[in-house]
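Colleague: What shape does this take:
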Amino acid sequence: MANILVIDDNLTNRETYADILEGEGHTVLSAGSGEEGLAKLTAAAMDAVLCDLKLPNLDGLATMELAHEKHGPLPWILITGHGNEETAVAAIKQGAFNYLTKPVDLSRLKATVESAVRMASANRENKALRRELGYEEALDRIVGTSAAIRAVKAIIRQVAKTDATVLIEGESGTGKELVADAVHALSNRSGRPYVKINTAAIPHDLLESELFGHERGAFTGAVQLKKGKFEIADTGTLFLDEIGEMPLDSQVKLLRVLQDGSFARVGGNVPIATDVRMVCATNRNLKSEVLASRFRMDLYFRLNVVSITVPPLRERREDITLLARAFLERLNRRHNQNKELADGLVQHLRRQDWPGNVRELENYIEKLYVLTPGKVITNDPPGAADERPTSPLGNYRPNVERLSANDSNAAPSADEAIRALIGLPVDEVEKRLILATLSHFMGNKSKAARQLQIGVKTLYRKLIEYGVQVPGEEETESPPGSAQRPAP
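Modeller: Numbering: from 1, shown residues only. Sure, this is the predicted structure:
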C-alpha cells in the first residue's frame, strides 16, 4: 500500500493512528516531534504525512514548510483542535493537503489518508512522465548520431540514475554544459534545485563566498547573510564549470565538503549539512594539471568517479550536417524566415576542423544567416569573408584546398599556437606538429620528413595512425649536389 509518517507528541495518539492505518495495509512510521519527523523523511520515502498542528519547539506548520522546502510537495494532513479551523484552512493555502479536527473521526481519517495516497500516486506518475519527456528533450539537445555521441548519451543514461560525481572533459565549445544538463534532467533529483557556477568567471577572493555563502559582517561589504551555491543546491545538483581554473586554496575547501558532507559559511562556525550531487566540467587535462601541481590529486580522484569525454567536432564530422541544420532551424524560428543551406556549403562545413567546435560552428552559421539576403545560404555571401581561426598547429586537412604558406590568415601566431598546446597530451602535440609541417610543405612528405628529422616511412606510418589521406602525389627531391634531369 503506502508509507505514512505520523507526527504527534502524544504517544497514545501516535499508537492509535498507527493501528488504524496499519489495519488498512499501510506501513507507518512515527515521530514525537517536528525535528524527528524531518529526520525520518530524510531517511525514508513517504507517501503522506499525518501531523499534529501543535508540537513542541517546531510546530506542525513550520515542520510542513521545512519538509516541502527540502523534499518537495508531499500530501500533508494536519490535525488541529476545535477553534483552530482558520489556522488549518490557512495551512491548506500554504500547501497542506487537508486537515482533521480533534477528536479525530476514524472513518474520516481513513478516507482522508486514502485520498492523500491516491494524490501521491498520481503525482509520482506525472513526475515519471515529465521525467521521461525531459529525458528525450535533454538528450535531443545533444545533437548527433555519430558513434562517439551515441556513446556519450549511453553513459549519461547509465550514470544519471545514480548519485555518483561526474567529471565532464572536452575542448571548449564541445557542449559539456549540455551533458551536465542531461545528467541532472535524467536523475532522481530532476525536480530539485539545479545550480550552475563557472569557477573561472568568479574572482578568486570571492569564490569561497559564492560556493559556501557568508555570514553578515564576515568581511567588508557583507552587509547581510548570503547563502552559497552548496546551500541553494541542497538535495539537487551543483554544476561546477571550468573546475580546472579553481585556485588551490578553494580546492582544499571543496575537498573537505566532499569528504565531510558539510561546510560552514565564511565568517561562521556552525556546520551546515549538504546533500548535493556534484557534476564538474573542464577543458583542461586535469591529469597534466595534477602533475604540474596546479590541481590537487586527492580532489581529482574525488571528482573523477565517472568521467565523460565529449569528443571534438573534428572527430565526429558526420554530425556537422545535423548541427548546421539544427542551428539554421533555430534561426528560422527566431527570425520567422525559411532560409536553406546550399549543398555546397554543407560539404564545405564538413571539411573544416572547427577548433572552436560546436560553438564556433553555431556562430559561423549565424554569421552567414545574417549576411545572406536571399533564401539560400552559400559559403560566400556578400561580406562574409571566412575569418574562422584554424586549429593551432593543425592547418593540414585531407582533401581540401592547400593553404598558402604566405597567407597571414592560414595560421595563428607562434605564441598563440604554443599557448593552445598547453595541457594537451604529448601524442596530440606531435600529431598537430606533423600535420602542420606537412601542410606548410603543401603535402610534400619528403620535405616534411626532412624538416621533422624523421624518415619518410615513419611519416607514412604516423599518417596512417592519424587516418590521414594526403592529397596530391609525392614529390621526391633529388639528393643535394646531384644533377637535375631535364623534363622530357
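
Colleague: residues contacting Asp319?
Modeller: Contacts here follow CB atoms under 8 Å, 6 or more residues apart in numbering; on that basis Asp319 touches Val143, Gly144, Thr145, Ser146, Ile149, Leu313. Using the backbone N, CA and C atoms, a C-beta is placed for each residue, glycine as well.

Colleague: One more: Tyr300?
Modeller: Contacts of Tyr300 by CB under 8 Å, 6+ apart are Leu286, Lys287, Glu289, Val290.

Colleague: Take those residues and lay them out in CSV including secondary structure, distance to His68 and neighbour count.
Modeller: Listed next are the contacts of Tyr300 as CSV, based on DSSP: H, G, I helix; E, B strand; the rest coil; distance: CB to CB, whole Å; neighbours: other CB atoms under 10 Å:
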residue, secondary structure, distance to His68, neighbour count
Leu286, helix, 39, 23
Lys287, helix, 43, 15
Glu289, helix, 42, 19
Val290, helix, 42, 16
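
Colleague: Work out which residue lies at the spatial centre of the protein.
Modeller: Ala180 (1.5 Å; CA atoms, centre = their mean).

Colleague: Work out for me the element it sits within.
Modeller: helix 176-185 (DSSP states H and E).

Colleague: Distance from that helix to the middle of the chain?
Modeller: In terms of CA atoms, centre = their mean, to the nearest Å, the centre of helix 176-185 is found 3 Å from the chain centre.

Colleague: right, and the helix or strand after that helix?
Modeller: Following helix 176-185 in sequence, per DSSP H and E, is strand 194-198.

Colleague: Distance from the chain centre to that following strand, please.
Modeller: So, by CA atoms, centre = their mean, the centroid of strand 194-198 is 9 Å from its chain's centroid.

Colleague: just checking, what packs against it?
Modeller: In terms of contacts (3 or more CB pairs under 8 Å, 6 or more residues apart in numbering; DSSP states H and E), strand 194-198 is packed against helix 176-185, helix 229-232, strand 237-241.

Colleague: quick one: the strands in the stretch 51-200 of the chain?
Modeller: Under the criterion DSSP state E, counting those that start in this stretch, the stretch 51-200 of the chain contains strands at 76-80, 98-101, 166-169, 194-198.

Colleague: what lines up beside the second one in the sheet?
Modeller: According to DSSP bridges, strand 98-101 forms sheet pairs with strand 76-80 (parallel).

Colleague: ok now do Gly455, which residues does it touch?
Modeller: Per CB under 8 Å, 6+ apart, neighbours of Gly455: Ala449.

Colleague: hmm, 10 Å instead?
Modeller: Counting by CB atoms under 10 Å, 6 or more residues apart in numbering, Gly455 makes contact with Ala449, Arg461.

Colleague: quick one: it from Ala449, how far?
Modeller: 6 Å (CB to CB, to the nearest Å).

Colleague: related to what we said a few turns ago, for the residue nearest to the centre of the chain, report the pLDDT, please.
Modeller: Turning to Ala180, the model gives it a pLDDT of 96.

Colleague: wait, is Asp319 part of a strand?
Modeller: No - under DSSP: H, G, I helix; E, B strand; the rest coil, Asp319 falls outside any strand and is assigned helix.

Colleague: before we move on, back to that, tell me the two of the contacts of Asp319 that are most distant?
Modeller: Thr145 and Leu313 (13.9 Å; CB to CB).

Colleague: out of these two, which sits in the busier spot?
Modeller: Leu313 (26 against 11; other CB atoms under 10 Å).

Colleague: What separation do you get for that one and Leu299?
Modeller: 30 Å.

Colleague: can you check Glu242 too?
Modeller: Glu242 is 15 Å from Leu299, by CB to CB.

Colleague: the more surrounded of the two?
Modeller: Using other CB under 10 Å as the criterion, Glu242 and Leu299 rank with Leu299 on top: 22 against 19.

Colleague: wait, what's in contact with that one?
Modeller: Applying CB under 10 Å, 6+ apart, the residues contacting Leu299 are 243, 246, 248, 251-252, 254-256, 258-259, 280, 286, 290.

Colleague: pLDDT on the helix or strand harbouring it, on average?
Modeller: Taking DSSP H and E as the criterion, Leu299 maps to helix 297-303. Per-region confidence: helix 297-303 scores 95 on mean pLDDT.

Colleague: Mind listing what's buried along the helix or strand just after it?
Modeller: Using DSSP H and E, the next helix or strand after helix 297-303 towards the C-terminus is strand 306-309. Using 16 or more other CB atoms under 10 Å as the test for burial, strand 306-309 gives Val306, Ile308, Thr309.

Colleague: I'd say the second one and Lys176 touch.
Modeller: Yes - with contacts counted by CB atoms under 10 Å, Ile308 reaches Lys176, the gap being 8.4 Å.

Colleague: Run through the stretch 351-488 of the chain and note the low-pLDDT ranges.
Modeller: 380-424, 469-488 (pLDDT under 70).

Colleague: tell me the helices in the stretch 1-150 of the chain, going along the chain?
Modeller: Taking DSSP state H, counting those that start in this stretch, the helices of the stretch 1-150 of the chain run over residues 11-23, 34-43, 60-71, 85-93, 106-140, 147-160.

Colleague: For those helices, give me JSON lines that also has mean pLDDT.
Modeller: Below are the helices of the stretch 1-150 of the chain laid out as JSON lines (pLDDT from 0 to 100):
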{"stretch": "helix 11-23", "mean pLDDT": "90"}
{"stretch": "helix 34-43", "mean pLDDT": "87"}
{"stretch": "helix 60-71", "mean pLDDT": "84"}
{"stretch": "helix 85-93", "mean pLDDT": "74"}
{"stretch": "helix 106-140", "mean pLDDT": "75"}
{"stretch": "helix 147-160", "mean pLDDT": "93"}
